[in-house]
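Participant: I would like to see how this sequence folds:
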Amino acid sequence: DAKEVVGNDRKHVWHHLTQHKPFEENDPMVIVKGEGMRVWDAKGNEYLDAVSGAVWTVNVGYGRTEIADAVRDQLVTLNYFAQTAGNVPAAQFAEKLIEKMPGMSRVYYSNSGSEANEKAFKIVRQIAEKKYGGKKHKVLFRERDYHGTTITALSATGQYERKNQYGPFTPGFVEVPHCCEYRAQDDADMENYGVWAADQIEKVILAEGADTVGALCLEPITAGGGVIEPPQGYWDRVQEICKKYDILLHIDEVVCGLGRTGKWFGYQHYGVKPDMVTMAKGVASGYAAISCTVTTEEVFNMFKDPEDARMDYFRDISTFGGCTAGPAAALENMRIIEDENLMANTLDMGARMMSNLQALSEKHAVIGDVRGKGLFIGAELVSDRKSKDAMDEKMVGAVVADCMAQGVIIGATNRSIPGRNNTLCFSPALIATADDIDHITDAVDNALGRVFG
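Facilitator: You can find the predicted model right below:
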C-alpha cells in the first residue's frame, strides 16, 4: 500500500541531508524499484537516474540478479565472521582488486568511504608514533575535497557548509588550496597553473614543518566540490613534493573508483603511484556495504615490528568489515564491468555527454564551464560568463527540480561550499546508452530554457 508506506516514512524515517518541515504538507519521495538506469517511486512515477543512486554508487545499474544471487548464496554458506580471520570472498576479491592496482598490495575491509578514510588516518597516526616519535602526524587535505561524514573525516574535508555546526574538529588536519583552473586564485600562474597549484601544497608543508606532516589526502578528481579535474602538471608535481618530504600519498577513490572515469581508478589516468587508496560506493554498486583501504607492502610492513609484538600491529577492527556480502557482491560487480566492457562504454558515453553539454553551453550562457572525465561530469552555472559570478544556489536547485519533473534525476553541489554551490553533477551508471545520455542532456536543455528563459 503506497499510501501506508509513504505515511510510515513521513512519521518515522529521518532522511539524510533533508529538512523535514516540507513533509508536513508534501509527501516524501519513496523509491520502490530499480531496473537498469531507471527507478520508480511509490506513486508509480518513473525516473531516469543520472546520478547512480543520488550519490554516485550504482555503477552497473539496478536489478542485477547475478549480484543478488551471489550475495544470497554466500550468506547461506557464511554470512559473517570477524576479519580477525579470513573468508573466501574477501580473499578472492582482494586478489582481483590488487590485480587492477599495480604497486599496491594489501586490502583492509570496512563498511563506508568515511570509515575507509578513518582507517587511513589511523594508519598515518600509528606510523607517526612508531617511526617519528608522534611528530609526523598531520594530514593535509584540499579545499573543496570531501572525505566523509564522521567527525575526523569532516576534519579532512574542505567543504565548510558541510562542516558548519560540527566542530571542534580533530586536530592535526591542515588545508591546502584547491586546483580548479576555472576558479584560479588571483595570484596564480596561468601559464603553468597545474604546477603552481601543486606548489601551494609545498608552501603549506613548509609553513607547518615538513617533519610534522605524515600524509596528503586528495581525491583524484574532486567530486562533490564541483567535479574538478586537476590541470596538467599537477599530479607530477604533487608526487615530487610527497617524495621530497617523505609524505604518504593517500588517494580517496570513493567516488572515482571502479570504472567511473573510464579506468579502474581515477588516479590511473595521471601516472600516480599512491601509498594508500580508499574506495567504497561503486565497489559493489550498492548491492552490499563494503569499503577498502588499500596500501603498498611498504606501508603494511611498518606494522610488523617483532620487538613489540603485543602492541605493534594495526589495532583496529571494523565489525561489518567481516560481513561476506560485501566482497561477494564486489566480485560479481567487477566481473560485470569486465565482461560487459563497461569501461570502454564509460569513455564512449562520457565523450557523448561532454559533447552534448558543451553544445548546450553554446546555447545557454548560464553554463560557464563543463569538465570531468568518463561518466563523471560537472557543468558550472554562472550569472555572467565574463565575471564568472556563481549562479545563485536556488536557481541551480530550480534546474534540478525541473529535470526531476521531467523524470530525470540529476545532481548539484549544494550546501557545501559558500558561494560555490553552482555545479550540476552527472554520474549515470556505466551501462548508459546513447539514448540515455541524450535523454539526460535534453532534460537539462529544457530545464535551462524554462528556468532562465
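
Participant: can you map out the helices along the stretch 151-300 of the chain?
Facilitator: Under the criterion DSSP state H, counting those that start in this stretch, the stretch 151-300 of the chain carries helices at the ranges 151-155, 160-163, 193-208, 234-244, 297-301.

Participant: oops, could you answer that again for the stretch 351-453 of the chain instead?
Facilitator: Using DSSP H, counting those that start in this stretch, helices in the stretch 351-453 of the chain cover 393-405, 434-452.

Participant: which other helices and strands contact the longest one?
Facilitator: Judged by 3 or more Cβ pairs under 8 Å, 6 or more residues apart in numbering; DSSP states H and E, helix 434-452 is in contact with strand 46-49, helix 342-363, helix 393-405, strand 408-409. In this view, the C-beta of every residue, glycine as well, is placed from N, C-alpha and C.

Participant: for that helix, the distance to its chain's centre please.
Facilitator: 24 Å (Cα atoms, centre = their mean, to the nearest Å).

Participant: in it, what's buried?
Facilitator: The neighbour-count check on helix 434-452 (16 or more other Cβ atoms under 10 Å) flags Asp436, Ile437, His439, Ile440, Thr441, Ala443, Val444, Asp445, Asn446, Ala447, Leu448, Val451 as buried.

Participant: report the angle between that helix and helix 393-405.
Facilitator: Here helix 434-452 runs at an angle of 130 degrees relative to helix 393-405 (axes from the mean of the first three to the mean of the last three Cα atoms, to 10 degrees).

Participant: avg pLDDT for helix 434-452?
Facilitator: Helix 434-452 shows a mean pLDDT of 98.

Participant: show me the contact partners of it.
Facilitator: For helix 434-452, contacts defined as Cβ atoms under 8 Å, 6 or more residues apart in numbering pick out 37, 48, 50, 349, 352-353, 356-357, 360, 363-364, 366-367, 379, 395, 398-400, 402-403, 406-408, 410, 424, 426, 428.

Participant: mind saving the C-alpha coords of that helix as PDB?
Facilitator: Output in PDB follows, covering the C-alpha atoms of helix 434-452 (Å, rounded to 0.1, in the frame of the first residue of the first chain):
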ATOM      1  CA  ALA A 434      23.400   6.900 -26.300                       C
ATOM      2  CA  ASP A 435      19.600   7.300 -25.900                       C
ATOM      3  CA  ASP A 436      20.000   7.600 -22.100                       C
ATOM      4  CA  ILE A 437      22.700  10.300 -22.500                       C
ATOM      5  CA  ASP A 438      20.600  12.300 -25.000                       C
ATOM      6  CA  HIS A 439      17.600  12.000 -22.700                       C
ATOM      7  CA  ILE A 440      19.500  13.400 -19.800                       C
ATOM      8  CA  THR A 441      21.000  16.300 -21.700                       C
ATOM      9  CA  ASP A 442      17.700  17.100 -23.400                       C
ATOM     10  CA  ALA A 443      16.100  17.400 -20.000                       C
ATOM     11  CA  VAL A 444      18.900  19.800 -18.900                       C
ATOM     12  CA  ASP A 445      18.300  21.800 -22.100                       C
ATOM     13  CA  ASN A 446      14.600  22.100 -21.400                       C
ATOM     14  CA  ALA A 447      15.200  23.000 -17.800                       C
ATOM     15  CA  LEU A 448      17.700  25.700 -18.500                       C
ATOM     16  CA  GLY A 449      15.300  27.200 -21.100                       C
ATOM     17  CA  ARG A 450      12.400  27.300 -18.600                       C
ATOM     18  CA  VAL A 451      14.400  28.500 -15.600                       C
ATOM     19  CA  PHE A 452      16.400  31.200 -17.300                       C
END
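
Participant: re earlier: need the helices of the stretch 151-300 of the chain in TSV with distance to Arg142, mean neighbour count and mean pLDDT, can you?
Facilitator: What follows is the helices of the stretch 151-300 of the chain, written out as TSV (distance: least, Cβ to Cβ, whole Å; neighbours: other Cβ atoms under 10 Å; pLDDT from 0 to 100):
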stretch	distance to Arg142	mean neighbour count	mean pLDDT
helix 151-155	13	20	97
helix 160-163	13	16	95
helix 193-208	8	18	98
helix 234-244	10	18	98
helix 297-301	21	14	96
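
Participant: ok, Pro327 - contacts?
Facilitator: With contact taken as Cβ under 8 Å, 6+ apart, Pro327 is in contact with Asn87, Pro89, Ala90, Gln92, Phe93, Ala94, Tyr109, Ile290.

Participant: before we move on, back to that, the helices of the stretch 151-300 of the chain: which one's closest to Arg260?
Facilitator: Closest of the helices of the stretch 151-300 of the chain to Arg260 is helix 234-244, at 17.5 Å (criterion: Cβ to Cβ).

Participant: and the closest one with helix 193-208, angle?
Facilitator: Using the same axes, to 10 degrees, helix 234-244 lies at 30 degrees relative to helix 193-208.

Participant: just the CA trace of the host helix or strand of Gln92, in PDB.
Facilitator: In this structure, Gln92 is located in helix 88-99 according to DSSP states H and E. Output in PDB follows, covering the C-alpha atoms of helix 88-99 (Å, rounded to 0.1, in the frame of the first residue of the first chain):
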ATOM      1  CA  VAL A  88      36.600 -16.900   0.900                       C
ATOM      2  CA  PRO A  89      35.100 -13.900  -0.900                       C
ATOM      3  CA  ALA A  90      37.300 -11.500   1.000                       C
ATOM      4  CA  ALA A  91      40.400 -13.300  -0.100                       C
ATOM      5  CA  GLN A  92      39.200 -13.700  -3.700                       C
ATOM      6  CA  PHE A  93      38.200 -10.100  -4.100                       C
ATOM      7  CA  ALA A  94      41.400  -8.800  -2.600                       C
ATOM      8  CA  GLU A  95      43.400 -10.800  -5.200                       C
ATOM      9  CA  LYS A  96      41.200  -9.500  -8.000                       C
ATOM     10  CA  LEU A  97      41.400  -5.900  -6.800                       C
ATOM     11  CA  ILE A  98      45.200  -5.900  -6.400                       C
ATOM     12  CA  GLU A  99      45.500  -7.200  -9.900                       C
END
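
Participant: and that helix, what other elements does it pack with?
Facilitator: Identification of packing neighbours for helix 88-99 by 3+ Cβ pairs under 8 Å, 6+ apart yields strand 106-110, strand 291-295, helix 325-339.

Participant: switch those over to a markdown table; also include distance to Ala128 and mean pLDDT.
Facilitator: What follows is the helices and strands packed on helix 88-99, written out as a markdown table (distance: least, Cβ to Cβ, whole Å; pLDDT from 0 to 100):
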| stretch | distance to Ala128 | mean pLDDT |
| --- | --- | --- |
| strand 106-110 | 18 | 98 |
| strand 291-295 | 15 | 98 |
| helix 325-339 | 30 | 98 |
